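Q: give the three-dimensional model of this entry:
(2 chains)
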Amino acid sequence: EADIYQTPRYLVIGTGKKITLECSQTMGHDKMYWYQQDPGMELHLIHYSYGVNSTEKGDLSSESTVSRIRTEHFPLTLESARPSHTSQYLCASSESRGRQETQYFGPGTRLLVL
Amino acid sequence: AQSVAQPEDQVNVAEGNPLTVKCTYSVSGNPYLFWYVQYPNRGLQFLLKYITGDNLVKGSYGFEAEFNKSQTSFHLKKPSALVSDSALYFCAVRDWNTDKLIFGTGTRLQVFP
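A: Residues are numbered from 1 along each chain as shown, chains lettered A, B, ... in the order given. Below you'll find the predicted structure:
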């Protein structure tokens, strides 16, 4: 198991609330990623970071935002949650080894917005 | 553009039988290929990867994958399936332009006792 952690594991919240999904890793990896996983299984990259103070949007447009102030920490924030945000969110990290690098995933946060 | 395809949404196999989960790829350049497994209510776990070298790659939990350049395939295999192998399996390829992982749509493996 990789040393990457996500909290909370499950979250049920009302529409309009602000939420932050936490992701941290103790492996010293430079690169971190957020994926959104549909109920139908597909994974979509929504944000990534290649180091401190570096963040980029992924392939799927998302209303969430991220920050990378510390190497080990990559939180994702939704300013105003909506039912369309209901999904599973997976965080991953990898060390910079070029194309051989392997991404390691956290356990995920399952979000339900009512 | 780089891509992977997993042609089967679900694969059913009896316990003790060999299993194969299929993946084909499309890349410009040398492919860097990965397999991940996802158990219920969990994140993805890395199983194995092909970078270069032997076409048969051995990974975790008794899984292996065979790289076939002529057929552009990277099928996941196991000689004898276990009920505990039932999970969702994802194939992925690294995009040479962006260095990101491109995931397939996933295949649900169901192993019956």
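
Q: and the residue most central in space within chain A, what does it touch?
A: The centre of chain A sits closest to A:Trp34, judged by CA atoms, centre = their mean, with a distance of 3.0 Å. A:Trp34 makes contact with A:23, A:45-48, A:58, A:64, A:66, A:74, A:76, A:89-92 under the criterion CB atoms under 8 Å, 6 or more residues apart in numbering or on different chains. Bear in mind the C-beta positions are built from the backbone N, C-alpha and C, glycine included.

Q: also A:Thr77?
A: Per CB under 8 Å, 6+ apart, neighbours of A:Thr77: A:18-21, A:64-67.

Q: assumed it was part of a helix.
A: No: residue state for A:Thr77 (DSSP: H, G, I helix; E, B strand; the rest coil) corresponds to strand; a helix is not indicated.

Q: partner residues bridging A:Ser54?
A: Counting by DSSP bridges, A:Ser54 is bridged to A:Gly51.

Q: go ahead and confirm it touches A:Arg68.
A: Yes: assessed by CB atoms under 8 Å, A:Ser54 is found in contact with A:Arg68 at 6.2 Å.

Q: ok so, going back, chain B versus the residue nearest to the centre of chain A, what's the distance?
A: Here A:Trp34 is placed at a distance of 12 Å from chain B (CB to the nearest CB, to the nearest Å).

Q: so that residue is in which element?
A: Secondary structure assignment for A:Trp34, by DSSP states H and E: strand A:31-37.

Q: same thing with B:Val13?
A: Using DSSP H and E, B:Val13 sits within strand B:10-14.

Q: other SSEs contacting that strand?
A: strand B:19-21, strand B:107-112 (3 or more CB pairs under 8 Å, 6 or more residues apart in numbering or on different chains; DSSP states H and E).

Q: same list (the contacts of A:Thr77) but as JSON lines, adding pLDDT and neighbour count.
A: Below are these laid out as JSON lines (pLDDT from 0 to 100; neighbours: other CB atoms under 10 Å in any protein chain shown):
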{"residue": "A:Lys18", "pLDDT": "96", "neighbour count": "10"}
{"residue": "A:Ile19", "pLDDT": "96", "neighbour count": "18"}
{"residue": "A:Thr20", "pLDDT": "97", "neighbour count": "15"}
{"residue": "A:Leu21", "pLDDT": "97", "neighbour count": "21"}
{"residue": "A:Ser64", "pLDDT": "93", "neighbour count": "20"}
{"residue": "A:Thr65", "pLDDT": "94", "neighbour count": "14"}
{"residue": "A:Val66", "pLDDT": "96", "neighbour count": "24"}
{"residue": "A:Ser67", "pLDDT": "96", "neighbour count": "16"}
